[in-house]
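*Asks:* What shape does this take:
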Amino acid sequence: MEPERIKFLKKLLQLTTEKLGLLSQEYDQLEQVGPAPGNSWGQHDAMVAMKLCQAAQQYPYMNRYSNLYPFDENRFVLETKDEPDYINASWIKLHGEPRDFILTMAPLHPSSFGTKVKTDFGSSFSESTCGQFWRMVTQSKSRLVVMLCGLEKGYQGCSQYFPVQGSENYEDFKVELKHEQVISEELVERKFDVKNEKEKTNVEINHLQFPLWPNYGVVDNVGQLANFVKQVDKKWIEVCTSETTPIIVHCSGGIGRSGTFTSALTVFRRINQYLQTGDEKLFSGMLDESGGLCLVPLVKSMREQRHPWMVEGEAQYKLAYDTVIHLLLEITDN
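*Replies:* Numbers count the residues shown, from 1 in each chain. This is a model prediction of the structure:
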């Protein structure tokens, strides 16, 4: 690697590390994103009142959470004649990133709920949105799904939306597990064959899971998350040959963990592009006045496109920084 490029990244690392004590001020800026600036718990009611999430309102029980409705403007619209075109998923376009993201809630399945484990709407029974999920995967032409949670019952978890062996049918889709390998504690790799006989489609989907991230929380070992970021980027480049091929990311709600991971991955990709080109303009809009990284524009953009709670809380915001700093340390120490 070019010495001047490493020198630049070392300076970027230094300036970013020095500002960590000021992240509360940065995060306060993010809380001013509408439609209810400065009133985090009022965001949902404001979105409903302003008719910004009418699709989700029309199909409330297809949402895992009763107060996490995506903006209509960026929602993923399913192409279907027989089913609702709704799924709680959003197209995310980020400045300087040629590839799109699709951030989505984890699919729902009735097996995750019952009399003792109720939905967020207080019901013992849930709709299944697994068919809609696989329809979105195939229609988006994505080849990579990133899962940032484990499988567990209840609305705060993630339903079993893929087979653990053999194949399962989800509405019109037959999903077959072709490969599964536990690469490390933080990485489970799978391949699925997804068929739709009616539409005569058959695609291979890569699936990477990070099972160590608790809901509403942060990762204990930042190095493990940093390694997962690297593996996802490597796989994305490998299987998504077109710059227009999106990556699908989900946790439970598709808000906190998904936003935090997407932030770290986006910055990591920008760092790698800089190492290849030496073009400092790649960091345009990502630096503060001191020259350190600033994630405010990135997270603000996601909050404006999907939901005002993207990257949920100051702890997750700091985790995004910590992950990028870890990645920078690895690069500049080599």
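*Asks:* So residue 90, which state does it fall into?
*Replies:* Look at residue 90: counting by DSSP: H, G, I helix; E, B strand; the rest coil, its state is strand.
*Asks:* how about low-confidence regions in the chain?
*Replies:* Applying pLDDT under 70 to the chain picks out residues 1.
*Asks:* Name the residues of stretch 54-73 that are buried.
*Replies:* Within stretch 54-73, the residues scored as buried using 16 or more other C-beta atoms under 10 Å are 55, 56, 59, 62, 63, 64, 65, 68, 69, 70, 71, 72. Where C-beta positions appear, they are placed from N, C-alpha and C, glycine not excepted.
*Asks:* How about stretch 165-177?
*Replies:* Using 16+ other C-beta under 10 Å as the test for burial, stretch 165-177 gives 168, 170, 171, 172, 173, 174, 175, 177.
*Asks:* what do you get for stretch 8-15?
*Replies:* By neighbour count with 16+ other C-beta under 10 Å, stretch 8-15 contains the buried residues 8, 9, 12, 13.
*Asks:* Ramachandran angles for the second one?
*Replies:* The phi and psi torsions at residue 9 (degrees, to the nearest 10) take the values phi -70, psi -30.
*Asks:* residue contacts, it?
*Replies:* Residues in contact with residue 9, defined by C-beta atoms under 8 Å, 6 or more residues apart in numbering, are 271, 274, 275, 328, 331, 332.
*Asks:* rewinding a little: what about the buried residues of stretch 165-177, which are in strands?
*Replies:* 168, 170, 173, 174, 175, 177 (DSSP state E).
*Asks:* which residues pair with the second one across the strands?
*Replies:* Going by DSSP bridges, residue 170 is paired in beta bridges with residue 173.
*Asks:* ok, it touching residue 160?
*Replies:* No. Applying C-beta atoms under 8 Å as the test, residue 170 and residue 160 come out as separate, 10.5 Å apart.
*Asks:* Tabulate the ones in strands among the buried residues of stretch 165-177 (a markdown table), appending distance to residue 33.
*Replies:* Listed next are those as a markdown table, based on distance: C-beta to C-beta, whole Å:
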| residue | distance to residue 33 |
| --- | --- |
| 168 | 39 |
| 170 | 35 |
| 173 | 36 |
| 174 | 41 |
| 175 | 36 |
| 177 | 40 |
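*Asks:* Now do the helices in the stretch 101-250 of the chain.
*Replies:* 130-139, 222-239 (DSSP state H, counting those that start in this stretch).
*Asks:* Just name the most buried of the ones you listed.
*Replies:* helix 130-139 (a mean of 23; mean count of other C-beta atoms under 10 Å).
*Asks:* and that helix, what does it pack onto?
*Replies:* Where contact means 3 or more C-beta pairs under 8 Å, 6 or more residues apart in numbering; DSSP states H and E, helix 130-139 is packed against strand 101-104, strand 167-170, strand 173-184, strand 187-196, strand 201-209.
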